[in-house]
Structures are given as C-alpha cells and as structure tokens.
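Trainee: Generate a structure from the sequence data that follows.
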Amino acid sequence: MNKKSLNLKGIVLGVILFLGASSAFATGNIRINPYLDTDLSIVSIINPSESFLKMKIYDEAGNLYYSKKISGETTAQKLFDFSYLEDGIYKIVLTGKGDKLEKEFEVVNNKLAVELAEKMAEKTLFRAVNNSLFVTYLSFQNTNFKISINDEFGNEVFTGSYASEPTFSKKFNVEALPKGNYKVRLVSDKKEYNYAFRK
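Mentor: Sure, this is the predicted structure:
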C-alpha cells in the first residue's frame, strides 16, 4: 500500500484523562470538525480503553495517508491541514484488539466539508472514581460554560465558570463531600448536560 506524504499538522491539544470505561469504542470516539475560523481541521480521539489503538487515514482507493498510535485512557486532539489533499472522500479508521471504528469525511476545495450539525458537535464525558470526579468537554464554539454540583436535596455544593477551549478536562476532588447522591450539571450557552453519581 502506498503511503503518501501529507502535511498533517500534528499539534496535540488534548490532555490525558483516566476514564476507566468498560467499552473501547463508545459512540463519538472520533470527531472531526473545522477548527474555529481557520482552514485547519481538528480531530478528537477518545480512547477510554487501557490498550493502544491505531489511527489511520485512507482515501477511497485505500491509499494510506497517516498512521499513529493512540495511547490508552487518553483524550487527545490533533490539528490537520487538509489543503494538500485532493477533493474526495476519506476515512479515519481506529483499530485495536479486533475492534474497528470508521469515520468518513469529505474534502471539497481543499477544505473539510461538513454539515451544520457536525460543525456544532459537542461531547461531554463524566466519570466518578472513588473521591475523584472527571469532567471532559469537547466543544468547538466560543462560549464559556459553568459546572455545578448539587446534593440530593438540591443544595449547590460547588459552582465554577470556565473559559471556552476545544478540549476542557478537569479532575475534581470530592473527598470532602458527605456520602450521598449528587448531580453534576454543565451548562454551555443554552445546552445542559447532567450526570448523577453516588459517593
């Protein structure tokens, strides 16, 4: 197979996050979007498994353009310059231990072509482990957001505002909270995401 040379700018924007999920491939483990108001595209890879995965980019003819290992328990993003690609259909393939996930994308006029729904794509992940709460928010909009935690009686025990960025990942220490049921709420613009956990 012919591996072609391509100017794919490997600018890693993501950070490591230990998710401890049981499934290697959950919905939305590959996201591809235009990066803000630039000609670049941003690919988000979420690998909650403990094993390495392989990410490859192919054209319709099966020519390999890019290949890289994705470490386990990682949320990562890379910027790509697709202006060197010919117009056509391409796919990102994520493989590991018999599993395979594919995400097609189209290049038109040397730029990523996406539907409006894809441009607005967001992904929020929550995970509570022992006395730690992990929150990851993948967003491509220039809007600030708020995270709050309420106990089972509706009392707000934490609130914080954060600046928008393509990948937000934070670990909260909830050791000081009494045992009980809690709800995390992330509000961005008019969108709201909720996650319940028990301590």
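
Trainee: these two touch, right, residue 111 and residue 82?
Mentor: Yes: counting by C-beta atoms under 8 Å, residue 82 is a contact partner of residue 111 at 6.7 Å. (Glycine included, C-beta is placed from N, CA and C.)

Trainee: So for these two, which sits in the more crowded spot?
Mentor: residue 82 (23 against 16; other C-beta atoms under 10 Å).

Trainee: what are the phi and psi angles of that one?
Mentor: Main-chain torsions, residue 82, degrees, to the nearest 10: phi -90, psi 10.

Trainee: show me the contacts for it.
Mentor: 41, 107, 110, 111, 112 (C-beta atoms under 8 Å, 6 or more residues apart in numbering).

Trainee: what about the first one, distance to residue 172?
Mentor: Here the distance between residue 41 and residue 172 works out to 31 Å (C-beta to C-beta, to the nearest Å).

Trainee: Specify which residue of these two has the higher count of neighbours.
Mentor: Taking other C-beta under 10 Å, residue 41 and residue 172 do not tie; residue 41 has more neighbours (22 against 17).

Trainee: residues touching the more buried one, list them.
Mentor: Neighbour list for residue 41: 32, 33, 34, 35, 79, 80, 81, 82, 105, 112 [criterion: C-beta under 8 Å, 6+ apart].

Trainee: List just the nearest of those to residue 190.
Mentor: Nearest to residue 190 among these is residue 33, at 19.5 Å by C-beta to C-beta.

Trainee: on that earlier part again, for residue 187, state which of the contacts of residue 82 is nearest.
Mentor: residue 41 (27.5 Å).

Trainee: Now the closest one. Nearest residue, chain neighbours left out?
Mentor: What sits nearest to residue 41 in space, not counting adjacent residues and going by C-beta to C-beta, 6 or more residues apart in numbering, is residue 112, at 4.4 Å.

Trainee: I'd like to know which of the contacts of residue 41 is nearest to residue 180.
Mentor: Distances from residue 180 to the contacts of residue 41, taken by C-beta to C-beta, are shortest for residue 33, at 38.0 Å.
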